[in-house]
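Asks: quick one: sequence and predicted model below, then my questions.
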Amino acid sequence: MRTIRIGSGAGYSGDRIEPAIQLAEKGDIQYLVFECLGERTVALAQQARMKNPEGGYDPLLEERMRAVLPVCASKGIKIVTNMGAANPVAAARKTAEIARSLGLAVLKIAAIVGDDVLDACKDGDLAIMEFDGTIRQLGNRLLSANAYLGAEPIAQALSGGADIVITGRASDPALFLAPMIHAFGWAMDDWNLLGQGTVAGHLLECAGQITGGYFADPGYKDIPDLARLGFPIGEVGEDGSLVITKVTGSGGAVTAQTCKEQLLYEVHDPERYIQPDVVADFSHVRVEEIAADRVRVSGGRGSRRTDTLKVSVGYVDGFIGEGQISYAGPGALARGRLALEIVRERLKLTGVAASELRFDLIGVDSLHGPAVSTGANEPYEVRVRIAGRTESLREAVRIGNEVETLYTNGPAAGGGAFKSARDVVAVASVLLPRELAKPQVRFVGLE
Amino acid sequence: MIKLREIAHSRTGDKGNTSNISVIAYQEKHYPLLLAQVTSERVKAHFACLVEGEVVRYELPNISALNFVMMGALGGGVTRSLALDAHGKSLSSALLDMDIEAASDHE
């Protein structure tokens, strides 16, 4: 039976770089996937592209490509990544330039376009899923609308001879599913195979989160050598059989437990994990440790894909102002609470226009609120944090200022004040009739 | 009485303003305890001040796990929340503090 080995070289845009080099050098992989696009990254990248038409792709693209291209080229490892963000064509051109500079002009590089569906969404005035409203009602706050594309165009690019495929918004598991479809010729209506392939992609897409990263809990879940955490490899057979493993000798661990945690990560109904290519069913999945750092994962199924594609809509959503200051030693908690009360009153007295405010004591109740945090002992130090939502940057700045002025006006011995004000790019979702997104493959040099 | 942490591990994920928390038994034999005691009502009560919407529980007997989906749990969603942990990634640790009635030989 034919098998392929797919390495996962990044779990988010800022991820560590050397584990990907290790995968390429020592992982015996044929495909290296970099998943680098968070929920709102495309909207932020779209803002960058508006400022610079050749920008709008992942800021670490050059560093990652320079790090892995030589070894990938010498071993014939194909690269698939969504680092194209809001501008896959520019990212592909940049990658071609990097390849030339490394003496690797022979590499064929393809961009996948067509995820940008802003016009189609506006024409249809589609309803927003998260709140009452439509795309047009966002008016000039609307920044971007990108459909989650599936594996098909990526597989087409690979079949067309691409060594590197760069997408914008695509579903994360699809980046991994595409090499399977390409290598094994899976039919695009073989729902069970596509479902099991989606299980593989879903497990791999967060890189270190399945090799013991984001898992360690000393005394309960101990993981060795986290500073040298190895990234995962999916060993996939043409019948969909799957083993998750990692480079021998790297840090971390692949166990039934790490696989189970990642299987349910960001999943809602496990029987209906909706993807562009298939509705995957995780409810029958089994995991089995077959050797050290080798876990067999079986039982993924699927059913017919939906008639719509999920579209991520980015829009400007006001500003957030924030301030922080610390108190320590005996009475720190009381002084922290007094500080919060002073700022609460100051914001009222000075008429700061905030639609929503939040008052936290970091180290006491900032993460889960007072109800969940009861029973905690008096801490040695606390950090006051006040954040608020405003319609203008000017108002946002005033919130941090009111915290900073606690230095000379507030409780005794406050230190380490910090303030910030930033604009907020939020995302919402709409469902677009599938046929309105028209993905295309564009090879560099042939666009 | 033991803490949930003694028999289960957990990870939180986020999509928009919805948080999901898995609760996975370390050992298969403890899955019935999870089923009986870690109900969506108890999870909703545990996070009373945080979760505005409903809490739905999904059962995965094959891997001895439950998955809780909590609507309106992230202060408007990762991209606009005022919270320090806007993703709600630390929620899994809070859930593992839940009390579970168990015989002392749970190990």
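Replies: Okay, I see it.

Asks: strands of chain B, start to end?
Replies: B:2-3, B:8-15, B:18-25, B:55-60, B:65-70, B:99-100 (DSSP state E).

Asks: how about these, which one is nearest A:Leu177?
Replies: strand B:8-15 (19.5 Å; Cβ to Cβ). C-beta: built from backbone N, CA, C; applies to glycine.

Asks: give the partner strands of the closest one in its sheet and their orientations.
Replies: Strand B:8-15 has its sheet partners listed here by DSSP bridges as strand B:18-25 (antiparallel).

Asks: contacting residues around the partner strand?
Replies: Strand B:18-25 is contacted from outside by A:257, A:260-261, A:264-268, B:4, B:7-14, B:31, B:33-34, B:38, B:43, B:51, B:63-74, B:88, B:91-92, B:95, using Cβ atoms under 8 Å, 6 or more residues apart in numbering or on different chains.

Asks: I'd like the average pLDDT over stretch A:364-374.
Replies: Across stretch A:364-374, the average pLDDT comes to 80.

Asks: any chance of the strands of chain B in CSV, plus mean neighbour count and mean pLDDT?
Replies: Listed next are the strands of chain B as CSV, based on neighbours: other Cβ atoms under 10 Å in any protein chain shown; pLDDT from 0 to 100:
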stretch, mean neighbour count, mean pLDDT
strand B:2-3, 14, 95
strand B:8-15, 22, 95
strand B:18-25, 24, 97
strand B:55-60, 19, 98
strand B:65-70, 24, 98
strand B:99-100, 16, 96
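
Asks: let me have the ones you listed in a markdown table, extended by distance to A:Ser283.
Replies: Output for these, formatted as a markdown table (distance: least, Cβ to Cβ, whole Å):
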| stretch | distance to A:Ser283 |
| --- | --- |
| strand B:2-3 | 28 |
| strand B:8-15 | 17 |
| strand B:18-25 | 13 |
| strand B:55-60 | 6 |
| strand B:65-70 | 10 |
| strand B:99-100 | 24 |
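
Asks: do stretch A:185-196 and chain B meet?
Replies: No - applying Cβ under 8 Å from any Cβ of the partner chain, one finds stretch A:185-196 out of contact with chain B, separated by at least 14.2 Å.

Asks: and that stretch, end to end?
Replies: Taking Cα to Cα, to the nearest Å, stretch A:185-196 runs 15 Å from one end to the other.

Asks: list the buried residues in it.
Replies: A:186, A:190-196 (16 or more other Cβ atoms under 10 Å in any protein chain shown).

Asks: repeat that for stretch A:439-447.
Replies: For stretch A:439-447, by 16+ other Cβ under 10 Å, it's A:439, A:441-444.

Asks: same question for stretch A:318-335.
Replies: A:318-328, A:332-333, A:335.

Asks: and stretch B:29-47, how far apart are its ends?
Replies: Terminal-residue distance, stretch B:29-47 (Cα to Cα): 27 Å.

Asks: can you give the contact residues for it?
Replies: So stretch B:29-47 is contacted by A:368, A:372, B:4, B:7-8, B:21, B:23, B:25, B:51, B:54-57, B:59, B:61, B:64-66, B:68, B:70, B:73, B:91, B:94-95, B:98, B:100-102, B:106 (Cβ under 8 Å, 6+ apart).

Asks: residues contacting B:Leu50?
Replies: A:368-369, A:372, B:73, B:91.

Asks: going by residue numbers, what spans are strands in the stretch 251-400 of chain A?
Replies: A:273-274, A:279-281, A:286-291, A:294-298, A:301-303, A:308-328, A:354-362, A:381-390 (DSSP state E, counting those that start in this stretch).

Asks: turn these into a markdown table, including distance to A:Arg344.
Replies: Putting the strands of the stretch 251-400 of chain A into a markdown table (distance: least, Cβ to Cβ, whole Å) gives the following:
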| stretch | distance to A:Arg344 |
| --- | --- |
| strand A:273-274 | 43 |
| strand A:279-281 | 47 |
| strand A:286-291 | 50 |
| strand A:294-298 | 51 |
| strand A:301-303 | 52 |
| strand A:308-328 | 12 |
| strand A:354-362 | 6 |
| strand A:381-390 | 8 |
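
Asks: now residue 39. Its backbone dihedrals?
Replies: In the absence of a named chain, this looks at chain A. phi -60, psi -40 (degrees, to the nearest 10).

Asks: identify the residues contacting it.
Replies: A:312, A:427, B:15-16, B:78-79.

Asks: where do the domain boundaries of chain A fall?
Replies: For chain A, the structural domains run A:3-114+A:149-306, A:315-429, going by automatic domain parsing.

Asks: select from those domains the stretch with the lowest mean pLDDT.
Replies: In terms of mean pLDDT, the lowest-scoring of the domains of chain A is domain A:315-429 (a mean of 92).

Asks: contacting residues around the residue in chain B that chain A sits nearest to?
Replies: For chain B and chain A, the shortest gap (Cβ to the nearest Cβ) falls at B:Gly13, measuring 3.3 Å. By Cβ under 8 Å, 6+ apart, B:Gly13 lies in contact with A:264-267, B:19-20.

Asks: could I get the domains of chain A as TSV with distance to A:Cys121?
Replies: Shown next, in TSV, are those (distance: least, Cβ to Cβ, whole Å):
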stretch	distance to A:Cys121
domain A:3-114+A:149-306	13
domain A:315-429	11
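
Asks: most tightly packed of the ones you listed?
Replies: For those, the largest average neighbour count (mean count of other Cβ atoms under 10 Å in any protein chain shown) is found in domain A:3-114+A:149-306, namely a mean of 21.

Asks: and the end-to-end length of it?
Replies: 29 Å.

Asks: before we move on, what about stretch A:154-170?
Replies: The first residue of stretch A:154-170 is 9 Å away from its last residue (Cα to Cα).
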